[in-house]
Every structure is written in structure tokens, then in C-alpha cells.
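Participant: Could you look at this predicted model? Sequence included:
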Amino acid sequence: GGKLGDFFCKKYLFLIGCVVFIIASVLVAVGGNIPLFFIGRSLQALGVALLIPTSITLLKISIPSHRQVLSFGIWSALLGLGFASGPTLGGLITVIRGWPMVYYVTALITLIGMVMLWVSLPFKQERLNSTRFDLRGTLAANWGTSFVKNIYFSSAVWSLLLPLFWWRWAATSPYFLSAA
């Protein structure tokens with residue numbers, strides 16, 4: 001999302017991310033089966049991938065420089081509040097109205113934010129970056145970070161599972177039992 005913002009209008013990119021997230025949330029809510037759930041959640045991730053970096057950029061270009069520290073602090077605090085309160089509120093909504101309502105509520109909140117941005121932030125003719133998009137570099141960076149993340153995750157899983165395998169082997173091994 002951040003790199004696309006260098007090539008396209010940031011406000012339009014943010015609004016596209018909102019629309020993708022809203023459509024995906026409604027798809028998850030009405031889906032009713034596992035494949036549609038996974039497709040909807042994947043599309044939600046795509047929408048958020050457009051929203052988060054673009055929202056930071058919109059803050060940077062729309063807030064005067066002497067107020068940017070405060071605006072980033074507020075943005076971070078609200079993001080943290082969402083992460084902290086989201087599971088609790090989602091659980092409460094699920095108990096009261098069922099799990100599809102959680103996705104309807106997130107779609108409604110995103111729609112309200114989208115309208116607020118549309119009304120409050122004027123469209124500016126942006127000077128777009130004239131450099132070319134480096135597809136090979138982007139793919140290599142994404143592949144590399146995914147590779148490292150997968151190695152880390154795999155090693156974390158093995159470090160948790162290895163003692164279980166060792167204990168099972170140790171409990172049945174005549175070598176281990178005779179040494180004890």
C-alpha cells in the first residue's frame with residue numbers, strides 16, 4: 001500500500017482500501033461456508049494493507065509539521081485501543097447478536113471513516129513519483145521476509161514440539177531408562 005501511494009493519489013488509494021475492506025467484511029458475514037470465509041478474510045487483509053500505510057501518509061501530508069507528532073501519537077493510541085478492545089467488543093457482539101454481526105459492525109465503522117475522510121480531506125493534485133515500480137525488487141523483498149518469517153515460525157514450533165518428542169522417546173528408551 002505504501003509504495004502504491006507513491007504512484008497513485010493517496011486519498012483514492014485509501015478509499016479503495018476502505019471499499020475492499022467493506023466488501024470483504026460483508027462477504028465474510030453473509031458467506032456461510034469456509035472457502036468464502038477465507039476469501040473474505042484474505043480480501044480484508046488486502047484492504048488493510050492499503051489502509052494502514054496510506055493513512056500514515058495522509059496524516060503526514062495533511063497535518064502541519066508542528067502538529068504531526070501529536071497526530072501520530074493519537075493515531076497510534078487509537079490503533080492500540082482498537083487492538084486492545086477489539087477482541088472484547090467482538091466477543092460481546094458475538095454473544096449478543098452472533099458472529100456475522102461483528103463483520104457488519106466493522107463494515108459500518110469503515111464506511112463511517114470513509115465518509116469522514118471523503119468530506120474532510122480535499123483532493124489535492126499530487127505530484128506523483130515518476131520512478132518505475134521495481135517488481136523484481138518488491139517480489140524479492142516479500143519472498144525474503146516471508147522466508148525468514150517461515151523459518152522463525154518453524155523453529156518456534158519445533159522448539160515447542162521437540163521436548164514433547166524427546167520426552168516420549170526418553171520415556172520408552174532403554175538407554176535413557178537404564179541411565180536413570
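Facilitator: Noted; the coordinates are in hand. Since we're looking at a predicted model, the values are computed, not measured.
Participant: Mind listing what's buried along stretch 77-93?
Facilitator: 90, 93 (16 or more other C-beta atoms under 10 Å). Bear in mind the C-beta positions are built from the backbone N, C-alpha and C, glycine included.
Participant: For it, give me every contacting residue.
Facilitator: The contact list for stretch 77-93, computed with C-beta atoms under 8 Å, 6 or more residues apart in numbering, reads 101-102, 105.
Participant: Stretch 36-44 now?
Facilitator: Taking C-beta under 8 Å, 6+ apart as the rule, stretch 36-44 contacts 20-21, 23-25, 27-28, 31, 103.
Participant: Go again with 10 Å.
Facilitator: Stretch 36-44 is touched from outside by 20-31, 33, 103, 106-107, 110, with contacts defined as C-beta atoms under 10 Å, 6 or more residues apart in numbering.
Participant: just stretch 97-104 next, same as before
Facilitator: 22, 24-32, 37, 40-41, 44, 86, 89-94, 105.
Participant: what's the nearest residue to residue 106 if we skip its chain neighbours?
Facilitator: The shortest distance from residue 106 to any non-neighbouring residue, by C-beta to C-beta, 6 or more residues apart in numbering, is to residue 25 (5.0 Å).
Participant: In the contacts of stretch 77-93, which residue is surrounded by the most others?
Facilitator: With neighbours taken as other C-beta atoms under 10 Å, the top of those is residue 102, carrying 20 neighbours.
Participant: Specify which residues of this structure, grouped into ranges, have pLDDT under the cut-off.
Facilitator: 1-8, 123-134, 147-180 (pLDDT under 70).
Participant: Please produce CSV containing the contacts of stretch 77-93, extended by secondary structure and distance to residue 56.
Facilitator: Shown next, in CSV, are these (DSSP: H, G, I helix; E, B strand; the rest coil; distance: C-beta to C-beta, whole Å):
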residue, secondary structure, distance to residue 56
101, helix, 30
102, helix, 26
105, helix, 24
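Participant: nearest to residue 146, of those residues?
Facilitator: Closest approach between these and residue 146, by C-beta to C-beta: residue 102, at 28.5 Å.
Participant: tell me the helices in this protein, going along the chain?
Facilitator: 4-7, 10-31, 34-62, 68-97, 99-120, 135-172, 174-179 (DSSP state H).
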